[in-house]
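K.L.:
Pasted the sequence and its predicted model underneath.
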Amino acid sequence: MELKHPELLKTDAYINGEWINAVNDKRFEVTNPYNGEVLAQLADCGAAETELAIEKAEAAFEVWKAQSAGKRAKILRKWYDLIITHANDLALILTLEQGKPLAEAKGEILYGASFVEWFSEEARRVYGDTIPAHMANARITTVKQPIGVVAAITPWNFPNAMITRKVAPALAAGCTVVIKPAAQTPLSALALMQLAQEAGFPPGVVNVVMGTDSRAIGGVMTASKAVRKLSFTGSTAVGKTLMRQSADTVKKLSLELGGNAPFIVFDDADLEKAVEGALLAKYRNAGQTCVCANRIFVQEGIYDAFVNRFSEAVAALPVGNGTEPGTVIGPLINTQAVSEMDAMVQEAVGAGAKTTTGGAKGEGCFYPPTVLAHADKHMRVYKEEIFGPIAPIFKFGTEAEVIALANDTEYGLASYFYGRDYARLWRVAEALEYGMVGINTGAISTTVAPFGGIKESGFGREGSKYGMNEFLEIKYMCWGEIDS
Ligand SMILES: NC(=O)c1ccc[n+]([C@@H]2O[C@H](COP(=O)([O-])OP(=O)(O)OC[C@H]3O[C@@H](n4cnc5c(N)ncnc54)[C@H](O)[C@@H]3O)[C@@H](O)[C@H]2O)c1
Ligand SMILES: O=C[C@H](O)CS(=O)(=O)O
């Protein structure tokens, strides 16, 4: 791996400002999904290392929370500057371990960095209140205080941004953090720790433990009384497990879970813009994105025109090695994902769907971008999160019909629709049961807006002016006997 800053390639856990091997010397491999090449052998951490990291984070909390907001802001800003300086190296590490094309990886690095920049600024704006008291001789104030040690568990699909989106607000609030990245993509997390160390975060403020036994690591995190907050991004199934495990210590939770986004195209939509938006919303990271369009609903008047135009554009998407310029679709994370895609496609085709492009396994971790016309609500692609490059297209008649279809899911993360009748745009935006709605756009993810879902897509918001609230407790103070 040719890096300008070779120190970014780390393979040991980062605990209390030191790089440490697993206590039992166990290592695990991280491979490149494009060609199966072993990129590195990493410390295979478990319960012992997690307990140590939590202990050090708890000790560091006393120091970090006592820093001024300005001091925390300065170190976060320095971290941001270092991430930007080394963005190309971070993007290469990300592409090699996760597979997404370099241009997308660079975009993720800049997106991830934007959370560090945003919360380096928000750090100085944790305001309290003075409230007119209920008694003449009393005064009422509130202050916001950091909740304490935070455990962060993150997925493989955005191995940089899903970390900074949690860790930046937590650190800005004065919390300390223990991160467990996905075992498939830990190199991005460790590279961020190298830069955090260079930025001057005191030992123990931010830590990373990685390993193949996620249950062991998560089990320690959820059982620990020292961990006052768990912030999880991943599947709904695992989110539910962690929620159950956290009940015994009544942890504050943020859950960013799975999605099943509808992408609705009304007859009056600009067809070209709708196709462009659908391509963007569907095929980011080869469809391995929580907010990807999962079900494309097209009104009957333009159904055939949309299917033809969209299929043509999908068939032309360049597929290949993420490090090659021009690649738009890289490999999936592993061959199991490829098999899962193929099973969903074959089930849909067996039930009457028609592939207009793609529809058969590629080599290794590749599955071609696939379009399924004449999909219906009885198929897996309607009910389940696809999390891959398959675009099922459903036909609908009326506004009421498509709202019912769009909301017919236990998920509630992202949703999208294209149209031009402004009265209808308002009605549909208000009727969709989702945390986020894209209206005439397929790209909604930004640090300035509250990112998160409802129903079984989780709760809590990341980014925006709301993001720090996840890591703060409001304390109310009632000052009596003022007139004595
Ligand atoms: N809402 C969002 O912001 C968002 C963002 C990215 C991904 N996701 C979702 O994540 C899923 C894909 O990511 P994934 O495959 O990494 O999800 P996953 O739930 O399998 O794993 C997520 C993380 O949890 C860990 N984990 C798994 N089982 C665990 C356990 N029992 N205890 C502790 N940790 C455990 C994994 O090692 C990984 O670090 C999709 O459902 C996607 O929608 C959601
Ligand atoms: O997988 C979903 C992540 O949240 C990525 S993004 O925030 O939509 O870019």
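P.N.:
Nice, thanks for sending it over. Everything quoted here is computed from the prediction, not taken from an experiment. Ligands and ions are numbered 1, 2, ... in the order given.

K.L.:
And the residue of the stretch 51-200 of the chain closest to ligand 1?
P.N.:
Residue of the stretch 51-200 of the chain nearest ligand 1, by CB to the nearest ligand atom: residue 155 (3.2 Å). For the C-beta atoms, the positions are set from N, CA and C on the backbone; glycine is no exception.

K.L.:
Near that residue, how many other residues are there?
P.N.:
Counted with other CB atoms under 10 Å, the neighbours of residue 155 add up to 20.

K.L.:
show me the contacts for it.
P.N.:
Shown in contact with residue 155 (CB atoms under 8 Å, 6 or more residues apart in numbering): 162, 182, 233, 234, 235.

K.L.:
Need those residues in TSV (columns: secondary structure).
P.N.:
TSV is the format used below for the contacts of residue 155 (DSSP: H, G, I helix; E, B strand; the rest coil):
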residue	secondary structure
162	helix
182	coil
233	strand
234	coil
235	coil
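
K.L.:
Up against ligand 2, what does the stretch 351-484 of the chain have?
P.N.:
445, 451 (CB under 6 Å from any ligand atom).

K.L.:
List, one by one, the residues from this structure near ligand 2.
P.N.:
So far as CB under 6 Å from any ligand atom goes, the chain lies against ligand 2 at 157, 158, 289, 290, 291, 445, 451.

K.L.:
So which of the residues you listed sit within helices?
P.N.:
Nothing among the residues of the chain next to ligand 2 maps onto helices, per DSSP state H.

K.L.:
and which of these is nearest to residue 2?
P.N.:
residue 158 (23.5 Å; CB to CB).

K.L.:
about what we covered before: quick check, pLDDT for the residue of the stretch 51-200 of the chain closest to ligand 1.
P.N.:
If you check residue 155, the pLDDT there is 98.

K.L.:
Report the secondary structure state of it.
P.N.:
Applying three-state DSSP: residue 155 is coil.

K.L.:
Skipping adjacent residues, who's closest to it in space?
P.N.:
Of all residues not flanking residue 155 in the chain, residue 234 sits nearest, at 4.7 Å (CB to CB, 6 or more residues apart in numbering).

K.L.:
Which phi and psi values does the residue of the stretch 51-200 of the chain closest to ligand 1 adopt?
P.N.:
The phi and psi torsions at residue 155 (degrees, to the nearest 10) take the values phi -90, psi 180.

K.L.:
which among the contacts of residue 155 end up buried?
P.N.:
162, 182, 233, 234 (16 or more other CB atoms under 10 Å).

K.L.:
out of those residues, which one sits closest to residue 71?
P.N.:
Looking across those and measuring by CB to CB, the closest to residue 71 is residue 162, at 26.3 Å.

K.L.:
Contact partners for the spatially closest residue to that closest one that is not a sequence neighbour?
P.N.:
Excluding the flanking residues, the one nearest residue 162 by CB to CB, 6+ apart is residue 154, at 4.3 Å. Neighbour list for residue 154: 162, 163, 166, 179, 180, 181, 182, 189, 233, 234 [criterion: CB under 8 Å, 6+ apart].

K.L.:
rounded to a whole number, what's the mean pLDDT of stretch 264-275?
P.N.:
For stretch 264-275, the per-residue pLDDT averages 98.

K.L.:
Would you map the strands across the stretch 301-450 of the chain?
P.N.:
Here the stretch 301-450 of the chain has its strands, by DSSP state E, counting those that start in this stretch, at 354-357, 370-373, 390-396, 414-418, 436-439.

K.L.:
Can you show me the CA trace of stretch 435-449 as CSV?
P.N.:
Output of stretch 435-449 as CSV, limited to C-alpha atoms (Å, rounded to 0.1, in the frame of the first residue of the first chain):
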residue,chain,number,x,y,z
GLY,A,435,-36.8,10.4,9.4
MET,A,436,-35.6,12.0,6.2
VAL,A,437,-37.2,13.0,2.9
GLY,A,438,-35.5,14.0,-0.4
ILE,A,439,-37.8,16.0,-2.6
ASN,A,440,-36.5,16.2,-6.2
THR,A,441,-33.1,15.1,-5.0
GLY,A,442,-31.4,11.7,-4.5
ALA,A,443,-28.7,13.1,-2.2
ILE,A,444,-29.6,14.1,1.3
SER,A,445,-26.6,13.2,3.5
THR,A,446,-24.9,16.3,5.0
THR,A,447,-23.4,17.3,8.3
VAL,A,448,-25.7,20.4,8.7
ALA,A,449,-29.0,18.4,8.8
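
K.L.:
how about that stretch: buried residues?
P.N.:
Those would be 435, 436, 437, 438, 442, 444, 445, 447, for stretch 435-449 by 16+ other CB under 10 Å.

K.L.:
Right, I'll leave it there.
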